[in-house]
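Asker: The following block contains a protein sequence and its predicted model.
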Amino acid sequence: MRLALVLTGSVLALSACATTGEEQASGAVYDPFEDWNRGVYAFNDGVDRAVLEPVAKGYRAVTNEPVRDGVSNFLTNLNQPVVFANTVLQGKPLASLDTATRFFLNSTVGVAGIFDVATTLEVPEHREDFGQTLGTWGVPNGPYIVLPFLGSSNLRDTVGFGVDNAFDPLNYAQFEGDTAFRVTRQVAGVISVRENLIEAVEVLRDQPEPYVALRRNYTQQRAAAIRDGREQEDPFEDLPEFDDYDFGDEEEFESQE
């Protein structure tokens, strides 16, 4: 937790000076390390084509949808303590109650989360992480970063990723076979997520500039997640309509053209 606090303080300081007001207002993605990021993106894409994509397609070929859903549900349920911590930090009591309820129902009736009983009972699902928590606290994105193996991020979300790992009790709990369990969890998570993204990655690769498209989509999706899907405020909503201005006699204006 001390590490989490130190990292949070660092991102507050660095992000505050890393993103200019003009860039925030324009919605532009701050990417001062673009040359480095493009190199890492190319490396990640090579690893994906050589390893992850074939494994993900093989996983889809040898399993049916109910099995894949069960694996995804199980992994999602394991992450609920992290989601709960972030809903509390974001001051969302109803979301916290939903998350605790989902974890209890799916861990018990849902057989360790394999079956998503909570969704059947219409208990809302929330997806919160510490990067979003920092965003709700007003911490800006900071520079866009492409991390080796992990992909798109930014300074705020990179710190958030580290704090979320500190929040996860399974990362430091000690029990028989704990190391094997953690490794299996990570590997299964990567394969499950990559299988879900097979079509999306194919669409991305068809873009004229996949790097730019991914950077834009990641930034927009993270902004939407912080807003909980609410429409972004229109910075021009208080400006007067053109009809409010008197441009003089229309016929006189046209005659001068």
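Answerer: Sure, I can see it. Numbers count the residues shown, from 1 in each chain.
Asker: Now do the longest helix seen in the chain, average pLDDT.
Answerer: The longest helix of the chain (DSSP state H) is helix 178-196. Along helix 178-196, the predicted confidence averages to a pLDDT of 96.
Asker: What helices and strands are in contact with that helix?
Answerer: helix 53-62, helix 65-78 (3 or more C-beta pairs under 8 Å, 6 or more residues apart in numbering; DSSP states H and E). For glycine as for every other residue, the C-beta is placed from the backbone atoms N, C-alpha and C.
Asker: from the middle of its chain, how far away would the first one be?
Answerer: In terms of C-alpha atoms, centre = their mean, to the nearest Å, the centre of helix 53-62 is set 24 Å apart from its chain centre.
Asker: residues in contact with that helix?
Answerer: Residues from elsewhere that reach helix 53-62 (C-beta atoms under 8 Å, 6 or more residues apart in numbering): 68, 191-192, 194-195, 197-198, 201.
Asker: quick one on the thing from earlier: redo the helices and strands packed on helix 178-196 as CSV? Include mean pLDDT.
Answerer: Below are the helices and strands packed on helix 178-196 laid out as CSV (pLDDT from 0 to 100):
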stretch, mean pLDDT
helix 53-62, 98
helix 65-78, 98
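Asker: hey, where'd the strands end up in the protein?
Answerer: Taking DSSP state E to define them, one finds strands in the chain at 144-147, 151-154.
Asker: list the helices and strands the first one packs on?
Answerer: For strand 144-147, the elements it packs on are helix 34-47, strand 151-154, helix 155-167, helix 210-226, judged by 3+ C-beta pairs under 8 Å, 6+ apart.
Asker: And the last one, by the same measure?
Answerer: Counting contacts by 3+ C-beta pairs under 8 Å, 6+ apart, the secondary-structure elements packed against strand 151-154 are strand 144-147, helix 210-226.
Asker: so how far is the shortest one from its chain's centroid?
Answerer: Between the mean C-alpha location of strand 144-147 and the chain-wide mean there is a distance of 13 Å, by C-alpha atoms, centre = their mean.
Asker: That one: partners in the sheet, and parallel or antiparallel?
Answerer: strand 151-154 (antiparallel) (DSSP bridges).
Asker: buried residues in the strand it pairs with?
Answerer: 152-154 (16 or more other C-beta atoms under 10 Å).
Asker: before we move on, what about stretch 66-74?
Answerer: So, applying 16+ other C-beta under 10 Å, buried residues of stretch 66-74: 68, 70-74.
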